[in-house]
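S.K.: Here is my input; please provide its structure:
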Amino acid sequence: MVCSVTRRSDVSTNVRIRTAKERGFDPQRDPRILLQYIQDAPRSGRPREITNSMANQLIDMVCENRASQSRTCEMMAFELGVSTISVYHVLKKYGFKSVKPTKKPSLTPEMKKQHLEFCLWFKERIQNGGLKDLIFTDETAVCIGQRRGAQRIWRRTHEKYEASYIQHRWKSKTDFMVWDAFSYNQKDPIHIFKPETAKEKQEAEKEIQTLNKEYKTEETPGRQPVWRFTEERGKLVRRGKGGINWY
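M.R.: Numbers count the residues shown, from 1 in each chain. This next block holds a predicted model:
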């Protein structure tokens with residue numbers, strides 16, 4: 001009857017009964033079937049392939065030098081004796097990403113000489129108190145009521161239209177340019193540029209057009225030359241039915 005109700009085989013039912021009795025189940029004393037009698041025993045789970053020491057070894061291997069940074073997961077997995085996907089998961093866990101390396105042009109000996117001369121000159125000025133003569137200036141655009149740059153929030157899918165996650169925006173906004181300067185021991189007051197009027201915009205546009213005409217390169221009169229890829233310039237041509245001549 002128990003097998004027909006639970007839809008289990010006789011062997012599976014007998015195993016459950018034997019396990020329950022080993023855990024203290026006695027139908028003569030207490031016929032109740034408690035959860036602790038029939039629930040599955042805790043399991044250790046799948047053994048971890050990479051231990052903490054191996055993970056630290058992997059991180060040290062990646063950060064060793066420039067050559068180690070370009071190793072693939074297959075190469076590092078072969079050296080550690082583990083699977084490739086395990087190495088990938090460990091690197092992702094510690095925040096590593098597979099990206100293109102940043103390229104930076106090297107300095108020529110002439111550039112290095114100029115940098116050294118400037119540093120020596122600047123060092124001498126600092127020692128003689130010349131840093132106080134330097135003035136740093138900068139300007140930036142400010143928009144009232146908004147934060148500069150992209151803004152993101154954390155929310156769940158069903159919270160998309162809740163009022164606490166919606167931010168209002170307006171078509172008309174006030175923005176302006178701010179300029180400031182400071183030196184070693186003095187700071188200049190902030191200067192805010194006034195909004196540009198329509199007349200000032202027209203005058204600025206005319207000035208820009210005048211400068212563009214002044215610095216615009218003059219085109220050579222006549223027909224513009226067109227480059228064509230011919231046989232004289234290395235083009236492979238076919239003169240007969242025997243294939244391309246060079247083959």
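S.K.: Could you say which helix or strand holds residue 87?
M.R.: helix 84-93 (DSSP states H and E).
S.K.: quick check, distance from the helix or strand following that helix to the centre of its chain.
M.R.: Remark: after helix 84-93, the chain's next helix or strand is helix 109-127, criterion DSSP H and E. Here helix 109-127 is found 35 Å from its chain centre; the criterion is Cα atoms, centre = their mean, to the nearest Å.
S.K.: would residue 200 count as being in a strand?
M.R.: No - counting by DSSP: H, G, I helix; E, B strand; the rest coil, residue 200 is located in no strand; its state is helix.
S.K.: And it, how close does it get to residue 190?
M.R.: 21 Å (Cβ to Cβ, to the nearest Å). Quick note: C-beta positions are derived from backbone N, CA and C, even for glycine.
S.K.: likewise residue 10?
M.R.: Taking Cβ to Cβ, one finds residue 10 at 88 Å from residue 190.
S.K.: Check residue 26 too.
M.R.: 86 Å.
S.K.: What's the local residue count around residue 76?
M.R.: As a burial measure, residue 76 scores 20 neighbours (other Cβ atoms under 10 Å).
S.K.: right, and it touches residue 87 too?
M.R.: Yes - between residue 76 and residue 87 there is a contact under Cβ atoms under 8 Å: 5.1 Å.
S.K.: Overlap of the contact sets of these two?
M.R.: residue 58 (Cβ atoms under 8 Å, 6 or more residues apart in numbering).
S.K.: helix or strand right after the lowest-mean-pLDDT helix or strand in the chain?
M.R.: In the chain, no helix or strand scores lower on mean pLDDT, DSSP states H and E than helix 2-6, which sits at a mean of 65. Next helix or strand after helix 2-6 toward the C-terminus (DSSP H and E): helix 10-22.
S.K.: residues near residue 87, how many?
M.R.: For residue 87, using other Cβ under 10 Å, the count is 27.
S.K.: For this structure, which segments are assigned as strands?
M.R.: Counting by DSSP state E, the chain has strands at residues 136-143, 175-182, 191-192.
S.K.: Could you point out which of these sits nearest residue 160?
M.R.: Smallest distance to residue 160 across the strands of the chain (Cβ to Cβ): 25.5 Å, for strand 136-143.
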